[in-house]
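[1] Here is my input, please return the structure:
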Amino acid sequence: MQESEKLISIEEGRMQRVIDAVALASTGEVELALKQLAAVEHDAFGVIEEALRVFLSELSATTQQKSQALAALAASKRELEHQLDTIQRQECAIRELSVPIIDIWHGILTLPLVGLFDSVRAVEVTERLLVRVAEDSDVEWVILDLTGVTLIDSMTAQHLIKLAQAVQLLGARCVLTGLGGHVAETLVAIGVAFDELNPMRSLREGLRFCLAQRGRAISPR
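    Numbering: from 1, shown residues only. Down below sits the predicted model:
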């Protein structure tokens, strides 16, 4: 009877060990659970313990792989965020360079435009230029130089007209210089009133016109 009770106590202890291992594994403590099953006996119950040990070993390996994958994903995310931040800063720098507002003379700004002048650039030009004119009460004239513009569509040409009107509402006036054949043709086709833009052949002529309109000699900065 005592031997039977001893065997029952041993079996209960092994069962409790399995239960403890499963409980540890359920809380994520897989390594501790494996330590509970370090000594496996070669009997019928030991087969169950060994199966559980193999399962927990595979679970531990899978968990480690998952952790490594998540760490790699987090590193990739940080790198991507860094790259996106760099791209955004580069885009801001490019926008600054693509819309250079130059103080060509006291009270006279020039905005040299180069390349394709589409609706997106027209909006950027409008926003930056109007902010500058609004902030600087000394600005009387704005010269929009299209010498480097290769192409312009009718919608963008309409933006130019609206820009000139907005500048005038802020107390300054616009001069359009450097018109190429295609650009001039587009402006004529949509019926632009050139008297609003004061078209001139070159930037130099535009500057002379602005100075003449001011009616007094002004020294450059």
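[2] What separation is there between residue 208 and residue 104?
    12 Å (CB to CB, to the nearest Å). C-beta: built from backbone N, CA, C; applies to glycine.
[3] These two - which one has more neighbours?
    residue 104 (20 against 12; other CB atoms under 10 Å).
[4] Let me know whether the more buried one touches residue 143 as I believe.
    Yes: between residue 104 and residue 143 there is a contact under CB atoms under 8 Å: 6.9 Å.
[5] Check the contact lists of these two and give me the overlap.
    Jointly contacting residue 104 and residue 143 under the rule CB atoms under 8 Å, 6 or more residues apart in numbering are 110, 207.
[6] and the gap between residue 173 and residue 165?
    10 Å.
[7] And these two? Which one has more around it.
    Comparing residue 173 with residue 165 by other CB under 10 Å, the one with more neighbours is residue 173, at 17 against 11.
[8] May I ask you to confirm that that one is in contact with residue 144?
    No: counting by CB under 8 Å, residue 173 stays clear of residue 144, with 11.2 Å between them.
[9] any residues in contact with both of these two?
    residue 164.
[10] so residue 112 sits in a strand?
    Yes: the assignment for residue 112 (DSSP: H, G, I helix; E, B strand; the rest coil) places it in a strand.
[11] ok, for it, nearest residue in space, not its chain neighbours?
    Counting by CB to CB, 6 or more residues apart in numbering, residue 145 is the residue found nearest to residue 112 once chain neighbours are left out, at 4.5 Å.
[12] give me the element the one you found is part of.
    According to DSSP states H and E, residue 145 maps onto strand 141-152.
[13] That strand: which residues count as buried?
    141, 142, 143, 144, 145, 146, 149, 152 (16 or more other CB atoms under 10 Å).
[14] What average pLDDT does the helix or strand harbouring residue 80 get?
    Taking DSSP H and E as the criterion, residue 80 maps to helix 44-98. Mean per-residue pLDDT for helix 44-98: 75.
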